[in-house]
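> Return a 3D structure for these sequence lines:
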Amino acid sequence: MNSLVTNSSAQNLFGKFAVFYLCAALLFLPGCSVFKDFKSMFTDDSSEIQAGPEALAMEGLDDFGHGNYSSALKVFREIQERFPFSSYSLMAELKAADCHYYLGHFSDAISAYEDFAKNHPTNEAMPYIYFQIGMCHYSKMDTIDRDPGSAYDAEAAFSKLLRLYPNSPYTEEAKTKIKDARDFLAGHEMYVAKFYMKTEKREQSMARLQYLLDTYPDSSVAPEAQQLLALLQAGETPKGKWRDWIPEIGLPDWSIFGDFGKISTTPTQQGE
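Model prediction:
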């Protein structure tokens, strides 16, 4: 009997030492995944593996609500990849696009919104999708001396929204943004016209001023354009140094056109 007890004690002691040395050896292996895998053999910590689409959706929306858009984007992508046929996948697709928008990744956001529109053309969120596409282009608008392409695209996107969904909750805001974009484009034409004026290219300057008046007659710079065109047509040279005729380079004060953040707050541009 004593020999049996002694043998049993020795086996238990040997087993404890074996586990100790095995754990110690694992600590020196490269990386920590091996240790985590070994630990999982003795624990039931599998919450990440078992997280379903509903739990992930709650996590992503919580991150989004707290402004953690990068973290939220990862979660929404995981839902789309792991649960593409769940009821939460559609929400994740839309919110992933929103994450790109609020991160300032406007080109990525445009692609994501356009993919959503292509994949779900009858979804009730379509007015919002078209509004957000317009907001992405609008947010990419630079100073009036740069390429005005984003302003053209913003006007086109908001006009499409008004044409397809004239009674959507975004109608009035879209009209305001169209006015902003057109005023921006008129400012760009004025900038070009005054540049030609500076370089004594009167014909080119008059052509741009006439185009401005024909295309943007209600813009804030239209009265000034009319005066300058009349002077040039009369053969007169506007008085003052040429620097006085070059408009200040910068975006207009959008606040005069209404509440910019009433429907959708413009994010800080980080990734463009």
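> Using CSV, write out the CA atom coordinates for stretch 64-71.
Only the C-alpha atoms of stretch 64-71 are listed here, as CSV (Å, rounded to 0.1, in the frame of the first residue of the first chain):
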residue,chain,number,x,y,z
PHE,A,64,-19.9,54.6,-34.6
GLY,A,65,-22.0,56.5,-32.1
HIS,A,66,-18.9,57.4,-30.1
GLY,A,67,-17.0,58.6,-33.2
ASN,A,68,-14.7,55.6,-33.4
TYR,A,69,-15.2,55.2,-37.1
SER,A,70,-12.1,53.2,-37.8
SER,A,71,-13.1,50.6,-35.2
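> Tell me the secondary structure at residue 220.
Classification of residue 220 using DSSP: H, G, I helix; E, B strand; the rest coil returns coil.
> Pull the number of nearby residues for it.
Residue 220: 16 surrounding residues under other C-beta atoms under 10 Å. For glycine as for every other residue, the C-beta is placed from the backbone atoms N, C-alpha and C.
> The chain should start at 47 in everything you say after this.
In the new numbering, first residue 47, that becomes residue 266.
> so it touches residue 232, yeah?
Yes - with contact defined as C-beta atoms under 8 Å, residue 266 reaches residue 232; the gap is 7.3 Å.
> which residues are in contact with stretch 123-133?
Stretch 123-133 is contacted from outside by 98, 99, 102, 103, 106, 134, 135, 138, 139, 142, using C-beta atoms under 8 Å, 6 or more residues apart in numbering.
> One more: stretch 197-205?
Residues contacting stretch 197-205 (C-beta under 8 Å, 6+ apart): 176-177, 179-181, 183-184, 186-187, 220-221, 223-224, 227-228, 230-231, 234.
> which residue ranges form the strands in this structure?
Ranges of strands in the chain, per DSSP state E: none exist.
> Report the helix or strand with the lowest average pLDDT across it.
Ranked by mean pLDDT, DSSP states H and E, the weakest helix or strand in the chain is helix 79-86, scoring a mean of 39.
> So residue 280 versus residue 102, what's the distance?
According to C-beta to C-beta, to the nearest Å, residue 280 and residue 102 sit 70 Å apart.
> Flag the shaky bits of the stretch 197-318 of the chain, pLDDT-wise.
Applying pLDDT under 70 to the stretch 197-318 of the chain picks out residues 285-318.
> do that again at 50, thanks
288-289, 291-292, 294-311, 314-318 (pLDDT under 50).
> What residues of stretch 174-188 count as buried?
For stretch 174-188, the neighbour count (16 or more other C-beta atoms under 10 Å) marks 174-188 as buried.
> correction: stretch 234-244
Applying 16+ other C-beta under 10 Å to stretch 234-244 flags 234, 235, 236, 237, 238, 239, 240, 241, 242, 243 as buried.
> Assess the claim that residue 158 and residue 149 are in contact.
No - between residue 158 and residue 149 there is no contact under C-beta under 8 Å: 11.4 Å.
> Neighbour count for those two, which is higher?
Neighbour totals were compared for residue 158 and residue 149, and residue 158 leads with 24 against 20 (other C-beta under 10 Å).
> ok, now how distant is the spatially closest residue to that one that is not a sequence neighbour from residue 132?
Excluding the flanking residues, the one nearest residue 158 by C-beta to C-beta, 6 or more residues apart in numbering is residue 143, at 3.5 Å. Going from residue 143 to residue 132 by C-beta to C-beta gives 18 Å.
> Great, nothing more from me.
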